[in-house]
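Chemist: Here you go, sequence then predicted model.
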Amino acid sequence: MNLSKARQGYNGVVLAVPVTVPYERYSIETAHWWIGKALRALAEGTGISHRDFDGFSVSSFTMGPDSAIALTQHFGLSPRHLDHVPMGGAAGIVSIRRAARAVQAGDADIVACVAADTNQVDTFRKTLANFSRFAQDASYPYGAGGPNASFALIARHYMDAYGATREDFGKLCVAQRDNALKNPHALMKKPLTLDQYLSSKPIAEPFHLFDCVMPCAGAEAFLVLREETAKALDLPFVRLLSAIERHNAFPDDPIQVRGGWVLDRDELYAMAGAKPDDMDFVQTYDDYAVISMMQFEDLGFCKKGEGPDFVRANTFTIDGSMPHNTSGGQLSAGQAGAAGGHLGITEAIRQLLGTAGATQVKEAQLGLVSGFGMINYDRGLASAAAILARA
Amino acid sequence: MSGDILGSLAAALAGGSIKVVDLTHTLSPDFPVIVMPPELGQSAPFRMERISRYDAGGPAWYWNNLSFGEHTGTHFDAPVHWYTGRNLPLNSVDTLPPADMVAPACVIDCTQQTSKDADFLLTVANVTAWEEEYGRIPARSWVLLRTNWSKKSGAAYANLQSDGAHTPGPDAEVMRFLVEERGIIGFGTETIGTDAGQAGHFSPPYPAHHYLHGAGRYGLQCLTNLDQLPATGALILAAPLKIQNGSGSPLRVLALVQERSTG
Amino acid sequence: MTEPLAKPNRKNPLSRTNQPLLPPSARSRKAHGLTLAACVGRFMLQCCGECGRYTYPVREACPNCLSSNLRFMDAATGGTLISETQIEASGDPYYRGHMPWRTGLVRLDCGPSAVVHLHGECGGPGSSLRLSLQLDRAGQAVFFAHPISETPNMEDDPQWRELTADPKDRRVLITDGRSLVAVALARALGKAGAARIFVGVADGWKPFDERQALEAIEGVELVDLDLTSERSVQELAMDIGARVEILVNTADHVRPAHLFEAGAANSAREAMDHTVMGLMRLAQAFGPVMRSRGADGAAGAVAWVNVLSVHGLSSMPQFGVHSAAHAACQSLSQWLRSELRQGGVRVINAFTGPLDTEWFQTVPPPKVAPRMLADAVVDGLRRGLEDIYVGDVARDIEARLFDNPKAVEREAGQ
């Protein structure tokens, strides 16, 4: 039974003011401190008071016991569109989708989308230990390896099923490190060779040290608004062409080999009027290289199972054949908790605004950002993607 | 004796010509108690549980709770302990006449026999032989059976076999004789009971209990240091706890013994 | 082949004893359906009462039909390994001390996929496996995957050993050597590889027939232990407390008494003193040191076994005092369990039907032979159970209590 009707386009919806609050490996501050920094940078970038943001969408793992409503009082906001999007790496695109409809309909004019997390010394362990009911009941007690252990199972199976090798994963990691060396905000500042990648210490086979992101503190933020609002404020902007999200797709797959993108990618490209080949860059959600590889497949850059060949056929560097995670991605820039999914969005906005500096892809006109998140038990549940265009 | 007997006694005690012998075993959880068939009621053994020892339960003081049966350790049997004495007046430890708590003792040494025979039984003949040497047993005196059993401990002391305990004691006739014909105030032993280990098979069963308590006399058991007493002349102080309707109690048994000059 | 367990060396007196830690123990309330199964060695998952599908992880509604009628049902124990990993790094202090740790994702024959602990001898992805539910050191239920067929020394697998209380190379204290079951227990534990078997004997001055039989068992050492004496229990703990890795409390005191009899209170006090208070004295003396040694090497302190009467779970009027005493012991064992769990030491209750002793002479069969009890205790230790029901009577009462406890009460003694 098909109850769906054709989706409305995102005509007139734009993104502006990409903000990155530089990451720190550890922070003694709370998530609120980082959110405050991001809001202030958004206000400064916009040239109006943060009190004039009438929409606020926040994502964070570490803002407890507060929810979004508490933050309005904390920061002196009086929004009429308020959203808390606890969806990890999919939160950024989910925020965009909701904010886009709000500004389109006039429920709000300017939505500040903020993701921030702190990383105090024991934050990561505590987040893992309390992540979800299924994780608490059924995965964390098994070695307490966290996402490394869970995705190791998925990676090992992907390798067995499709012939991917550690060298393939390593190629993506090394390329991202090359990109990161051009991003002054990236936490990883030393070059990485494939040999170093291969010989690093094991974490959870097949993963070794450089397969894993480094948890850190930081914030990412941007505005969603109507084109005329952006123009009135004299803000440079990029266009939102299309966006998809899907949760708990393929629940009967005994182990994850694909994400929800497969269900929605045709619509993603149709709304944007584009094909995978048209993309000037791709920002995947790179909690692990195997997941990036899965996104290449599921977003149509290659067929299922061809991820390894696709990796072998491209370079993934900023000036290469398939510019990918141009900021260095989470693997090399750092994973600031829930901000990990926003990292690709702010980088994509900069690329399309032409303000990406040393990481700038030449003449980037069209880019794809993908989000993925929430390993509730044995797999990432949320998948999302958006196509953005230079205005 | 001068008129001031107690003064003389005190001087003799101070001077050491009268010494005080402790006939009591230390009350401890390890000391054997009488064993009854398990379906019958049992005497609680001696137990001590700490209330505090300069700790959270009492920062500056040390004390314990005690629990034990009336017939534990070196103890006293009152007439009410046995059915034969159940209707007598003044038959429990609380009503025991205080004068009866101090009395002379005759000590019959049977160690030669008991060293060879755990089931040795004291007979009238043994008593008669003793009287030939030391004179007739005076009325209202304790008769203490010396067996050296107090020098044993643990399993050897209880000496339980599959057919019951094997420990020395009096036969039935000698108990009747001592109580009825000598009028003793009580009978004391080094073993767990005043009766022999196998006395349940005697007629009447447990004759020491039967005759002593039936006549309002007393028992002392689990005594020690009887080897430090003369055959005659020691004075026994045996004052049980004043327990309402009590059938007996652990107690401290002391003997006053006059040093004999060997010159 | 599993590396056979090396005989534990004597401790280096200069090294600090490894402190016990627990694996992550937070669980949802519903997840304790698995705990219930693991405690008795069953393999159960939620099964939908409407559509019949098994589901996992534990949840509140069937993801297929949204029925909330999800009951824990016995399930097929087979499965196929889909993927595996060897975890080398963890932020969790317990697992940090046990790296590397092998886990896998298994497609259960009954349907769902489950993350499991993997025995070292399990083959790689594609292998068939046998699953069981085990209690981990935190006392929480976890899945463990075994190879289908026996492999050499498989009981020595370090991950498996964390989930069990195998007597091999451990020192045991049997608290009451006069108990009818002491000889059988000592023999069974010796056969299971216990390094030393201390057997407590109260009132050493009272002879007992089994002394010779006990002394003849290799590894047995008789020690003075009177559970009714605080001093005796404390003194033994001072001597050997730090050398006991498994304590088997066989204390019992059966005396028939009628509730309205004048002497019943004395009987009850005696029974309570031997059993409940005895257990409490043991707990006070041996509990702290055992709890502190829960991670003391591959043969650290691991289990406390209480041999209890199944009538402690529902009174048998002819033995009302006995039932009451064992009910109190069962309650005390729960308290003890919560204390010892902090050291990763499990408390196992072996609920037995009437033993074949003189005190149950008037009770009709079936009765429990000492050997049956001993084998059940050793089996429970090796499998890491928490509740063991020994003999037909105990198993009958277990099943009936689960079904309708009031029926058990009404029919007791009829």
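Modeler: Good, I have the coordinates. Numbering: from 1, shown residues only, chains lettered A, B, ... in the order given.
Chemist: Longest strand in chain C, please.
Modeler: Secondary structure assigned by DSSP state E gives strand C:78-87 as the longest strand of chain C.
Chemist: and residue A:231, helix, strand or coil?
Modeler: helix (DSSP: H, G, I helix; E, B strand; the rest coil).
Chemist: neighbours around it, how many?
Modeler: Neighbour count for residue A:231, taken as other C-beta atoms under 10 Å in any protein chain shown: 13. Backbone N, C-alpha and C define where each C-beta goes, glycine included.
Chemist: Kindly report the same for the one 10 residues further on.
Modeler: Per other C-beta under 10 Å, the neighbour tally for residue A:241 reads 22.
Chemist: and the gap between it and chain C?
Modeler: From residue A:241 across to chain C, the span is 34 Å (C-beta to the nearest C-beta, to the nearest Å).
Chemist: and that residue, which of the three is it?
Modeler: Per three-state DSSP, the local secondary structure of residue A:241 is strand.
Chemist: Excluding residues flanking it in the chain, which one is nearest it?
Modeler: By the measure of C-beta to C-beta, 6 or more residues apart in numbering or on different chains, the closest residue to residue A:241 outside its immediate chain neighbours is residue A:272, 3.9 Å from it.
Chemist: quick one, what contacts that neighbour?
Modeler: In this structure, residue A:272 makes contact with A:241-242, A:366, A:387, A:389, judged by C-beta atoms under 8 Å, 6 or more residues apart in numbering or on different chains.
Chemist: how about a cut-off of 10 Å?
Modeler: For residue A:272, the residues meeting the contact criterion (C-beta atoms under 10 Å, 6 or more residues apart in numbering or on different chains) are A:9-10, A:239-243, A:278-279, A:366, A:368, A:386-389.
Chemist: what do you get for residue A:121?
Modeler: By C-beta under 10 Å, 6+ apart, the contact set of residue A:121 is A:26-28.
Chemist: What's the first helix or strand after the host helix or strand of residue B:9?
Modeler: For residue B:9, the element it lies in under DSSP states H and E is helix B:5-15. From helix B:5-15 onward toward the C-terminus, using DSSP H and E, the following helix or strand is strand B:18-22.
Chemist: For the next helix or strand after that following strand, list every residue counted as buried.
Modeler: Counting by DSSP H and E, the element after strand B:18-22 in chain order, helix or strand, is strand B:47-55. Of the residues in strand B:47-55, those with enough neighbours to count as buried (16 or more other C-beta atoms under 10 Å in any protein chain shown) are residue B:47.
Chemist: likewise stretch A:300-310?
Modeler: Neighbour-count burial for stretch A:300-310 flags A:300-302, A:307-308, A:310 (criterion: 16+ other C-beta under 10 Å).
Chemist: again, but for stretch C:360-380
Modeler: For stretch C:360-380, by 16+ other C-beta under 10 Å, it's C:360, C:363, C:367-370, C:372-378, C:380.
Chemist: The residue in the stretch 51-200 of chain B positioned nearest to chain A - how many residues pack around it?
Modeler: With C-beta to the nearest C-beta, the shortest gap between the stretch 51-200 of chain B and chain A falls at residue B:56, namely 33.9 Å. Each residue near residue B:56 was counted by other C-beta under 10 Å, and the total is 6.
Chemist: From the domain annotation, what segments belong to each domain of chain A?
Modeler: For chain A, whose domains are defined here by automatic domain parsing, the residue ranges read A:13-122+A:217-237, A:132-212+A:240-386.
Chemist: Then chain C?
Modeler: Taking automatic domain parsing as the domain assignment, the record places the domains of chain C at C:32-159, C:171-411.
Chemist: pLDDT on the shortest one, on average?
Modeler: Right, domain C:32-159. Over the span of domain C:32-159, the pLDDT mean works out to 96.
Chemist: can you give me how far it is from the chain middle?
Modeler: Chain-centre distance of domain C:32-159: 20 Å, with C-alpha atoms, centre = their mean, to the nearest Å.
Chemist: now the last one
Modeler: Between the centre of domain C:171-411 and the centre of its chain there are 12 Å (C-alpha atoms, centre = their mean).
Chemist: What confidence value was assigned to residue C:1?
Modeler: According to the model's per-residue confidence, residue C:1 sits at a pLDDT of 80.
Chemist: which SS class is it?
Modeler: Here residue C:1 is coil, with the state taken from three-state DSSP.
Chemist: which helices and strands sit right next to the helix holding residue B:9?
Modeler: Helices and strands touching helix B:5-15, by 3 or more C-beta pairs under 10 Å, 6 or more residues apart in numbering or on different chains; DSSP states H and E, are strand B:18-22, strand B:253-258.
Chemist: Any chance of a markdown table for those, columns mean pLDDT?
Modeler: Compiled in a markdown table, the helices and strands packed on helix B:5-15 are given as follows (pLDDT from 0 to 100):
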| stretch | mean pLDDT |
| --- | --- |
| strand B:18-22 | 97 |
| strand B:253-258 | 97 |
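Chemist: So what's the residue count around residue C:407?
Modeler: With other C-beta under 10 Å as criterion, residue C:407 counts 12.
Chemist: Quickly find the element holding it.
Modeler: In this assignment (DSSP H and E), residue C:407 forms part of helix C:405-411.
Chemist: Over to residue A:347?
Modeler: Taking DSSP H and E as the criterion, residue A:347 maps to helix A:340-353.
Chemist: swap in residue C:187?
Modeler: Mapping residue C:187 onto the secondary structure by DSSP H and E places it in helix C:182-191.
Chemist: in that helix, what's buried?
Modeler: C:182-190.
Chemist: okay, the angle between the helix or strand just after it and helix C:182-191?
Modeler: Later in the chain than helix C:182-191, the nearest helix or strand by DSSP H and E is strand C:196-201. In terms of direction (axes from the mean of the first three to the mean of the last three C-alpha atoms, to 10 degrees), strand C:196-201 departs from helix C:182-191 by 170 degrees.
Chemist: Tell me if strand C:196-201 is near chain B.
Modeler: No. Strand C:196-201 lies out of reach of chain B by C-beta under 10 Å from any C-beta of the partner chain, never closer than 10.9 Å.
Chemist: Surely residue C:194 and residue C:221 touch.
Modeler: No. Applying C-beta atoms under 10 Å as the test, residue C:194 and residue C:221 come out as separate, 11.5 Å apart.
Chemist: Determine the residues that are contacts of both of those two.
Modeler: Contact with both residue C:194 and residue C:221 is made by residues residue C:171, according to C-beta under 10 Å, 6+ apart.
Chemist: Mind telling me what element the most centrally placed residue in chain B is part of?
Modeler: Centroid check for chain B by C-alpha atoms, centre = their mean gives residue B:220 as the closest residue, at 1.9 Å. In this structure, residue B:220 sits in strand B:218-221 according to DSSP H and E.
Chemist: tell me which strands and helices that strand is in contact with?
Modeler: strand B:75-77, strand B:142-146, strand B:186-188, helix B:207-214, strand B:234-238, strand B:248-250.
Chemist: Quick check: residues of chain B near chain C?
Modeler: Applying the criterion C-beta under 10 Å from any C-beta, the portion of chain B that neighbours chain C consists of B:28-33, B:35, B:38-42, B:44-50, B:64, B:67, B:152-162.
Chemist: same thing but 6 Å
Modeler: When proximity is defined as C-beta under 6 Å from any C-beta of the partner chain, chain B approaches chain C at B:29, B:32, B:41, B:47, B:49, B:154-155, B:158, B:160.
Chemist: Could you tell me the phi and psi values at whichever residue of the stretch 101-250 of chain C sits closest to chain A?
Modeler: Distances between the stretch 101-250 of chain C and chain A by C-beta to the nearest C-beta are smallest at residue C:101, namely 4.1 Å. Backbone dihedrals for residue C:101, given as degrees, to the nearest 10, come out at phi -130, psi 130.
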